[in-house]
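missing the sequence, but the structure's below:
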């Protein structure tokens with residue numbers, strides 16, 4: 001297989017793995033907090049967390065540029081630390097993937113934590129367990145299926161991200177070109193054979209992972 005074919009796939013997988021790992025940690029913690037939160041105004045937080053799932057990818061990419069661009073405070077801090085802006089790097093692709101994949105991880109893990117019988121956690125607290133022990137020894141094991149499912153869904157979402165990645169990370173061959181942007185370029189240039197190869201590869205990877213997620217759900 002040629003480098004032209006493999007590079008976008010390898011980069012997409014690398015971005016998806018890193019983004020999904022980040023999303024798994026953040027999504028699990030926030031999912032647990034939101035599952036137990038009794039504040040009536042939490043609906044506004046719910047909307048905020050789910051919003052990237054329904055917004056057009058171009059809008060997500062626009063806000064990422066505003067937040068992390070070279071003229072933003074965060075962008076300037078990043079540039080001063082690392083010596084270069086994060087925009088139009090493959091790390092920008094990771095950030096874009098984290099933002100679009102987070103709602104899936106959050107929704108699945110929150111649902112998993114909400115299904116836990118609160119009396120089990122309360123019994124552990126009565127026995128002297130602190131909140132971390134309750135979370136680590138009871139909540140996590142009981143919601144493990146949801147966490148793994150959320151990770152797989154987040155991975156497949158991150159793997160196929162296009163719009164936000166194109167705007168924020170660009171489409172630089174060998175540097176920021178993911179398989180989704182590569183397919184777009186291949187079709188635009190009339191190279192349908194190469195486009196088909198990438199499409200089939202991504203379908204096989206995503207379908208395999210979704211089969212695993214369904215198997216875990218059945219188990």
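Perfect, I can see it now. No experiment lies behind these values; they were computed from the predicted model shown. Numbers count the residues shown, from 1 in each chain.

wait, what's in contact with residue 194?
4-5, 186 (C-beta atoms under 8 Å, 6 or more residues apart in numbering). Where you see a C-beta, it was placed from the backbone N, CA and C, and this is true even at glycine.

count the residues that sit near the nearest residue to residue 173 once chain neighbours are set aside.
Distances taken as C-beta to C-beta, 6 or more residues apart in numbering place residue 7 nearest to residue 173, at 7.4 Å, with adjacent residues excluded. Number of residues near residue 7 (other C-beta atoms under 10 Å) recorded here: 17.

if I read this right, residue 7 contacts residue 179, doesn't it?
No. With contact defined as C-beta atoms under 8 Å, residue 7 and residue 179 do not form a contacting pair (9.3 Å).

quick check: residue 80 vs residue 126, distance?
Separation of residue 80 from residue 126 (C-beta to C-beta, to the nearest Å): 50 Å.

can you pick the most crowded of the contacts of residue 194?
Neighbour counts for the contacts of residue 194, by other C-beta under 10 Å, peak at residue 186, which reaches 20 neighbours.

how close does the closest residue to that one other than its chain neighbours get to residue 69?
Once flanking residues are discounted, residue 186 sits nearest to residue 195: 3.9 Å by C-beta to C-beta, 6+ apart. Going from residue 195 to residue 69 by C-beta to C-beta gives 31 Å.

quick one, which of those two is more surrounded?
It is residue 195, of residue 195 and residue 69, that has more neighbours when counted by other C-beta under 10 Å, with 18 against 15.

how about the more buried one, what does it touch?
183, 186-187.

can you tell me the element it falls in?
For residue 195, the host element (DSSP states H and E) is helix 192-218.

please apply the same query to residue 113.
helix 90-114.

circling back to that earlier point, in terms of pLDDT, where does the residue nearest to residue 173 sit?
At residue 7, the pLDDT value in this model is 93.

go on, the one 10 residues further on?
With respect to pLDDT, residue 17 scores 96.

if I look at the nearest residue to it once chain neighbours are set aside, how far off is residue 202?
Distances taken as C-beta to C-beta, 6+ apart place residue 155 nearest to residue 17, at 7.2 Å, with adjacent residues excluded. Residue 155 sits at a distance of 12 Å from residue 202 (criterion: C-beta to C-beta).

in terms of packing, which of these two has more residues around it?
Between residue 155 and residue 202, counted using other C-beta under 10 Å, the more crowded position is residue 155 (26 against 19).

quick one: name whatever helix or strand follows the helix or strand where that one lies.
Take DSSP H and E as the rule and residue 155 turns out to sit in helix 144-159. Per DSSP H and E, the first helix or strand lying C-terminal to helix 144-159 is helix 163-168.

buried ones in stretch 161-180?
Judged by neighbour count (16 or more other C-beta atoms under 10 Å), stretch 161-180 contains these buried residues: 161-171, 176-180.

what of stretch 29-37?
Of the residues in stretch 29-37, 30-32, 34-35 count as buried by neighbour count, 16+ other C-beta under 10 Å.

can you put these in TSV and add secondary structure and distance to residue 74?
What follows is the buried residues of stretch 29-37, written out as TSV (DSSP: H, G, I helix; E, B strand; the rest coil; distance: C-beta to C-beta, whole Å):
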residue	secondary structure	distance to residue 74
30	helix	20
31	helix	25
32	helix	27
34	helix	25
35	helix	29
